[in-house]
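Show me the folded form of this:
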Amino acid sequence: MSHPAPLTPEKQLSDAKKLLSLPHVVVICGSTRFMAEMTEADLRETAAGKIVVKPACDMKSPHELWTDPVEAEALKARLDDLHRAKIRLADEVLVVGDYIGDSTRAEISYARSLGKPVRFTHPEVDPAA
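Numbers count the residues shown, from 1 in each chain. Below is the predicted model:
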């Protein structure tokens with residue numbers, strides 16, 4: 001007698017999203033130098049009926065939360081962890097911008113390792129192209 005394989009957490013999440021009739025979830029990735037483009041992509045994806053999650057902190061712009069270098073480094077690590085969680089939550093990744101840095105490259109690799117589809121506003125920068 002064969003038994004069905006136990007559900008993975010990813011499959012459970014996917015099934016729960018379907019049961020809740022949640023719209024497609026898109027996570028936006030890219031360099032924070034493209035924050036304006038990310039906001040535009042957020043608008044377009046939202047208008048298309050999708051739930052959008054994206055970076056909310058641009059640590060290249062001055063802010064009291066990251067004026068102290070030690071605190072800024074700890075915050076950057078927490079934000080990286082948070083963004084990987086957003087990737088796990090999402091159904092798809094949208095990479096914004098015409099430049100791929102090390103952090104974005106790592107996010108793309110992580111998303112692909114999870115089997116997430118990755119879309120690009122500038123397909124020519126796809127590291128797999």
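
In contact with the closest residue to Val118 other than its chain neighbours: list those residues for me.
Ranked by CB to CB, 6 or more residues apart in numbering and with sequence neighbours excluded, the top spatial neighbour of Val118 is Val93, at 4.6 Å. All C-beta atoms are positioned from the backbone trio N, CA, C, and that covers glycine. If you count contacts by CB atoms under 8 Å, 6 or more residues apart in numbering, Val93 has them with Val26, Val27, Ile28, Cys29, Ile87, Glu107, Ile108, Ala111, Lys116, Pro117, Val118, Arg119.

Identify the bridge partners of Val93.
Val93 forms beta bridges with Val27, Val118, as assigned by DSSP bridges.

gap between it and Leu13?
For Val93, the distance to Leu13 equals 16 Å [CB to CB, to the nearest Å].

Spell out which residues sit in contact with the residue nearest to Asp126 when sequence neighbours are not counted, please.
Leaving aside its sequence neighbours, Asp126 sits nearest to Phe120 (CB to CB, 6+ apart; 5.3 Å). Taking CB under 8 Å, 6+ apart as the criterion, Phe120 is in contact with Leu94, Val95, Asp126.

and those as TSV, adding neighbour count, distance to Gly49 and pLDDT?
Below are the contacts of Phe120 laid out as TSV (neighbours: other CB atoms under 10 Å; distance: CB to CB, whole Å; pLDDT from 0 to 100):
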residue	neighbour count	distance to Gly49	pLDDT
Leu94	23	14	98
Val95	26	20	98
Asp126	13	25	95
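
now the residues you listed as CSV including distance to Pro69?
Below are the contacts of Phe120 laid out as CSV (distance: CB to CB, whole Å):
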residue, distance to Pro69
Leu94, 31
Val95, 29
Asp126, 34
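
between those, which is nearest Asp68?
Of all the contacts of Phe120, Asp68 sits closest to Val95, with 30.7 Å by CB to CB.

ok, the spatially most central residue of the chain - contacts?
In the chain, the C-alpha nearest the mean C-alpha coordinate belongs to Val27, at 3.7 Å (CA atoms, centre = their mean). Applying CB under 8 Å, 6+ apart to Val27 gives the contacts Val52, Val53, Lys54, His83, Lys86, Ile87, Leu89, Ala90, Glu92, Val93, Leu94, Ala111.
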